[in-house]
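In: model this:
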Amino acid sequence: MKINKITALILGLFLVFVACETEESLEITSPDATFRLLDPAISNINLNYNFPNNEAFSIVWNDQLTSGSGGYMVELSPDALFESPLVIGSSTTDRFTMTTAEFNSIVLNEGADAFEPFTVFMRVTTGSEISNSVSFSVSSYSEAAPVISSPDSTFSIVLLETTPNDEAINVAWNDPDFGENSSVDVVYEVQFAVAGTSFAGAVTESADGMTFSRTHELFNDIVLNAGLIAEEVGNLDVRIKATIEMEAGNMERFSDAVTVAVTPYSVELAPILYVVGAGAVDAGWSWDTPIELPLQGTKYSGNINLINDAFRFFTVNSDWGSGRNYPFYEGAGYTIDANLANALDGDSNFQFTGTPGEYFLEIDTVAKTITLGPPVVGPNCNNDQLWLVGAGIVDAGWSWDTPVALPCTGNGTYSGNVALTNDTFRFFSVNSDWGSGTNYPTYEGNGYTIDSNFSNAMDGDSNFSFDGTPGTYFLTVDDINKTITLAPEQLQCDFDQLWMVGAGVVDAGWSWDTPVALPCTGAGIYSGQVALTNDAFRFFTVNSDWGTGINYPTYEADGYTIDTDLNNAMDGDSNFFFNGTPGTYTVTVDTGNLTITVE
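Out: Residues are numbered from 1 along each chain as shown. Sure thing, here's the model as predicted:
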């Protein structure tokens with residue numbers, strides 16, 4: 001036990017000695033002071049142009065070196081090495097923030113493409129001390145507007161009807177905030193307006209990428225719709241509209257306007273074309289007796305006597321400057337009859353090279369053709385008749401069983417007596433073809449003056465509505481003067497119509513089931529289209545009454561001149577016999593001039 005106590009004492013003295021020695025050699029240290037930018041709470045920033053004053057980002061740092069005594073500078077760089085850092089702001093505290101609009105401009109200036117992710121690095125400096133860096137992926141929005149590179153304000157053009165397919169204008173531009181490989185879908189449009197109107201009522205056209213081209217014909221339509229006046233030079237403002245469709249709302253940007261000078265041509269058709277020249281023998285090179293070709297719809301037409309010499313078309317009577325020569329129509333893409341050529345006479349007039357004689361000349365401004373054909377005897381219209389169908393037409397209704405014909409009774413004029421009631425109807429150019437109908441707005445839009453007894457039915461098809469007192473009226477559609485009129489019923493014939501029955505009348509035969517009507521179309525004139533074949537027929541004054549028939553010898557005895565395609569059938573009843581080429585003809589019985597013609 002004594003040994004143990006001595007041992008314990010020695011051990012205790014040893015430990016005390018060691019402990020004291022250790023305490024003298026132990027050194028306690030603190031962490032090094034740092035200047036550190038704290039990791040941001042977010043690393044992806046989508047800048048929203050709808051909220052330019054919102055906070056775009058916030059960075060915070062911890063400065064254990066200087067305590068901010070000298071203030072802080074915030075630097076940004078598109079590269080991690082900060083080879084050319086940009087100072088974007090300063091702070092006297094340990095944090096820095098920036099608005100969306102401010103940060104967006106900085107990012108774009110550093111080379112970002114709008115709406116494309118772009119990495120930036122940030123750090124903070126104070127004196128010679130530099131913090132660590134943090135990075136953000138930023139999607140900016142576009143600030144710069146498109147810039148038109150061509151044309152410039154020196155551009156001017158006179159648009160020509162004779163070069164419809166030549167390029168008239170080419171607009172090109174660039175969009176500075178978007179790179180070549182941008183994935184953003186930007187919709188570009190070009191806007192045109194009369195200069196100085198701030199694009200009020202502008203015409204807007206879709207673009208193809210960042211370019212826009214139009215021909216003379218198409219650009220002419222644009223500038224007229226924009227408000228320039230035909231045949232006058234006018235100033236036109238042009239600008240680019242760039243739209244980006246976004247869930248937060250579409251973003252629209254507009255370029256500065258460029259003002260150009262444009263002279264459009266008139267697309268309105270003159271009501272009459274005049275023919276003057278030695279080749280038009282009844283006119284000659286004088287304005288005393290020009291040949292008139294009235295406009296019917298979109299066609300000019302009329303009979304003309306031609307000899308092998310030159311002539312020209314004019315849009316204004318007595319105005320030599322309104323002439324349209326061969327190259328004019330050729331340049332406008334017209335197909336011209338082989339009997340007409342360029343006179344090569346200095347004025348490039350038309351030269352008639354065919355057999356001298358009378359021709360039916362037609363200029364179709366839609367099909368773009370100039371044709372010569374056999375002369376037309378009698379009234380000249382685009383159609384032999386118009387057809388009326390609808391509940392407002394008492395004798396028709398909405399059926400093709402009994403459409404009412406309004407025959408051509410003069411150049412460009414359809415007229416006849418029609419029984420009307422207070423309901424709707426429509427005009428048709430082709431029997432039994434619903435697609436050939438022409439409604440109220442079509443005539444109205446083409447400049448027709450329409451009788452006040454008619455109105456737009458507003459029935460889905462915009463048919464005509466008859467609003468007057470029910471009864472029979474003399475209805476006239478004048479395609480030259482562009483009028484639709486009603487007048488009192490004209491009882492100018494002894495009968496409302498003549499009836500044709502017989503094997504020679506294809507649609508009738510020797511039966512009263514389907515007689516063909518030849519309606520009264522004017523003073524003592526019965527006229528209509530009839531399909532004829534080489535057989536006999538007779539005229540009748542009363543439907544279903546064989547006793548009212550009038551045969552060939554009766555007309556002959558009354559002094560009628562009868563068409564050579566008709567003769568006496570010599571069949572016991574002395575009916576008419578058609579001996580011409582089977583087909584559909586206009587048969588006219590003129591009781592005033594005592595003629596029966598087949599044309």
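In: Give me the nearest residue to N551, chain neighbours excluded.
Out: S574 (4.5 Å; Cβ to Cβ, 6 or more residues apart in numbering). C-beta coordinates here come from the backbone N, C-alpha and C atoms, glycine included.
In: doesn't G549 make contact with the one you found?
Out: No: using Cβ atoms under 8 Å, S574 makes no contact with G549, being 10.3 Å away.
In: and the residue lying closest to G502 once chain neighbours are set aside, what helix or strand is that in?
Out: Leaving aside its chain neighbours, G502 sits nearest to F537 (2.7 Å; criterion: Cβ to Cβ, 6+ apart). Taking DSSP states H and E as the criterion, F537 maps to strand 536-540.
In: what are the pairing partners of that strand, and which direction each?
Out: Applying DSSP bridges, strand 536-540 is found paired with strand 497-501 (antiparallel), strand 549-550 (antiparallel), strand 576-578 (antiparallel).
In: Out of the ones you listed, flag the one nearest E489.
Out: Closest to E489 of the strands paired with strand 536-540, according to Cβ to Cβ: strand 497-501, at 14.2 Å.
In: which residues sit in contact with L108?
Out: Going by Cβ atoms under 8 Å, 6 or more residues apart in numbering, L108 touches A114, S140, S142, E143, A144, D177.
In: which residue is nearest the centroid of the chain?
Out: D221 (8.7 Å; Cα atoms, centre = their mean).
In: how many other residues sit next to the residue lying closest to it once chain neighbours are set aside?
Out: In space, and not counting its chain neighbours, D221 is closest to V267: 7.3 Å by Cβ to Cβ, 6+ apart. V267 sits with 12 neighbouring residues when counted by other Cβ atoms under 10 Å.
In: Go ahead and list the helix or strand containing V267.
Out: Per DSSP H and E, there is no helix or strand for V267.
In: now swap in C381 and tell me
Out: Under the assignment here (DSSP H and E), C381 is part of no helix and no strand.
In: who's the closest residue to P515 other than its chain neighbours bridged to?
Out: Using Cβ to Cβ, 6+ apart and skipping residues adjacent in sequence, the residue nearest P515 is W499, 4.5 Å away. On the basis of DSSP bridges, W499 is bridged to A517, F540.
In: How about the contacts made by W499?
Out: Counted by Cβ under 8 Å, 6+ apart, W499 has contacts P515, V516, A517, L518, F539, F540, T541, V542, N543.
In: The same query, at a cut-off of 10 Å, please.
Out: By Cβ atoms under 10 Å, 6 or more residues apart in numbering, W499 lies in contact with 505, 508, 512, 515-518, 526, 538-545, 548-549.
In: filter the residues you listed to the buried ones?
Out: V505, A508, P515, V516, A517, L518, Y526, R538, F539, F540, G549 (16 or more other Cβ atoms under 10 Å).
In: Can you tell me which of these comes closest to E489?
Out: Y526 (16.4 Å).
In: For C520, see how far away that closest one is.
Out: 6 Å (Cβ to Cβ, to the nearest Å).
In: Please enumerate the shared neighbours of those two.
Out: P407, C493, D494, F495, D496, Q497, L498, V589, T591.
In: any idea how far the second one is from C381?
Out: The spacing between C493 and C381, counted by Cβ to Cβ, is 20 Å.
In: who touches stretch 191-207?
Out: 169, 171-173, 187-190, 212-214, 218-219, 221-229, 234-242, 254-255, 257, 259-262.
In: Could you do stretch 551-567 as well?
Out: By Cβ under 10 Å, 6+ apart, stretch 551-567 touches 504, 532, 536-539, 550, 568-571, 573-581, 585, 587-591, 593-599.
In: Show me which of the residues you listed are buried.
Out: 504, 532, 536-539, 550, 569, 574-578, 585, 587-591, 596-598.
In: Show me the shaky parts of the stretch 101-250 of the chain.
Out: The stretch 101-250 of the chain contains residues with pLDDT under 70 at 179-181, 248.
In: let's go with 90 and repeat that
Out: Within the stretch 101-250 of the chain, the stretches with pLDDT under 90 are 111-116, 139-144, 162, 175-186, 201, 208-210, 244-250.
In: Quick one: the strands in the stretch 351-500 of the chain, in order.
Out: Secondary structure of the stretch 351-500 of the chain (DSSP state E, counting those that start in this stretch): strands at 357-364, 369-373, 385-389, 404-410, 413-420, 424-428, 437-438, 449-450, 454-456, 464-466, 471-478, 483-488, 497-501.
In: And the stretch 151-300 of the chain, by the same measure?
Out: So, for the stretch 151-300 of the chain - with DSSP E, counting those that start in this stretch - the strands run 156-158, 167-174, 186-194, 203-206, 211-215, 234-244, 251-254, 258-263, 272-276, 291-296, 299-306.
In: For F103, which of the ones you listed is the nearest?
Out: From the strands of the stretch 151-300 of the chain, taking Cβ to Cβ, the stretch that ends up closest is strand 251-254, at 17.4 Å.
In: For that closest one, which strands pair with it and how are they oriented?
Out: strand 234-244 (antiparallel).
In: Extract the C-alpha trace of the partner strand and format it as PDB.
Out: Listed next in PDB are the C-alpha coordinates belonging to strand 234-244 (Å, rounded to 0.1, in the frame of the first residue of the first chain):
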ATOM      1  CA  GLY A 234     -47.700  61.300-103.600                       C
ATOM      2  CA  ASN A 235     -45.500  60.900-100.500                       C
ATOM      3  CA  LEU A 236     -45.900  57.500 -98.800                       C
ATOM      4  CA  ASP A 237     -44.600  56.700 -95.300                       C
ATOM      5  CA  VAL A 238     -43.200  53.200 -94.900                       C
ATOM      6  CA  ARG A 239     -42.300  51.500 -91.600                       C
ATOM      7  CA  ILE A 240     -41.700  48.000 -90.200                       C
ATOM      8  CA  LYS A 241     -43.900  46.500 -87.400                       C
ATOM      9  CA  ALA A 242     -42.200  43.700 -85.500                       C
ATOM     10  CA  THR A 243     -44.400  41.600 -83.200                       C
ATOM     11  CA  ILE A 244     -43.400  38.900 -80.700                       C
END
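In: could you check the angle strand 167-174 makes with that strand?
Out: On the basis of axes from the mean of the first three to the mean of the last three Cα atoms, to 10 degrees, strand 234-244 is oriented at 40 degrees to strand 167-174.
In: buried sites along strand 234-244?
Out: Applying 16+ other Cβ under 10 Å to strand 234-244 flags G234, L236, D237, V238, R239, I240, K241, A242, I244 as buried.
In: sorry, back to before: report the contact partners of the residue nearest to the centre of the chain.
Out: Applying Cβ under 10 Å, 6+ apart to D221 gives the contacts L159, V203, R214, T215, P264, V267.
In: Would you format those as JSON lines with distance to G297 included?
Out: Shown next, in JSON lines, are these (distance: Cβ to Cβ, whole Å):
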{"residue": "L159", "distance to G297": "25"}
{"residue": "V203", "distance to G297": "27"}
{"residue": "R214", "distance to G297": "27"}
{"residue": "T215", "distance to G297": "25"}
{"residue": "P264", "distance to G297": "24"}
{"residue": "V267", "distance to G297": "15"}
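In: what residues are up against N349?
Out: So N349 contacts 276-279, 309-313, 323-327, 341-343 (Cβ under 10 Å, 6+ apart).
In: Averaged pLDDT, stretch 299-318. What do you get?
Out: Stretch 299-318 carries an average pLDDT of 96.
In: Quick check, P407 in contact with V418.
Out: No: the criterion here is Cβ atoms under 10 Å, and P407 misses it with V418 at 11.5 Å.
In: what about those two, which has more around it?
Out: P407 (26 against 23).
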